[in-house]
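Novice: fold the following.
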Amino acid sequence: MSQLDASAKGVYLITVTQFTDSGALNLRQYRQHGGLLFEKKASLG
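Specialist: Take a look at the predicted model:
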């Protein structure tokens, strides 16, 4: 499935990209969020 439409089934996790106030990628928050998803056994597909 290439796009989310009415045929989609299940729960879809929409994640955010963390940025610092200066606009740089916030790697610490990114790793922390990724760790939480891994801990909760979130699946990528």
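
Novice: which strand or helix spans residue 31?
Specialist: helix 27-39 (DSSP states H and E).

Novice: give me the mean pLDDT for that helix.
Specialist: Average pLDDT, helix 27-39: 85.

Novice: who's in contact with it?
Specialist: Residues outside helix 27-39 that contact it (Cβ atoms under 8 Å, 6 or more residues apart in numbering) are 13, 15, 16, 17, 18. From N, CA and C alone the C-beta is placed, and that goes for glycine too.

Novice: farthest pair in the residues you listed?
Specialist: Across these, no pair lies farther apart than 13 and 18, at 15.3 Å, counting by Cβ to Cβ.

Novice: can you count the residues close to the residue nearest to residue 12 when sequence neighbours are not counted?
Specialist: Distances taken as Cβ to Cβ, 6 or more residues apart in numbering put residue 4 closest to residue 12, at 6.5 Å, once the chain neighbours are dropped. Residue 4: 9 surrounding residues under other Cβ atoms under 10 Å.

Novice: also the one 3 residues further on?
Specialist: Taking other Cβ under 10 Å as the criterion, the count of residues near residue 7 is 7.

Novice: mind pulling the model confidence for it?
Specialist: At residue 7, the pLDDT value in this model is 86.

Novice: got the phi and psi for residue 6?
Specialist: Main-chain torsions, residue 6, degrees, to the nearest 10: phi -60, psi -20.

Novice: okay, now it: neighbour count?
Specialist: The burial count for residue 6: 4, using other Cβ under 10 Å.

Novice: again, but for residue 26
Specialist: Neighbours of residue 26 under the rule other Cβ under 10 Å: 16.

Novice: wait, isn't it in contact with residue 16?
Specialist: No. Taking contacts as Cβ atoms under 8 Å, residue 26 lies outside contact range of residue 16: 10.5 Å.

Novice: reduced to three states, what does the most centrally placed residue in the chain come out as?
Specialist: Nearest residue to the geometric centre of the chain (Cα atoms, centre = their mean): residue 15, 2.9 Å. Of the three states, residue 15 takes coil under DSSP: H, G, I helix; E, B strand; the rest coil.
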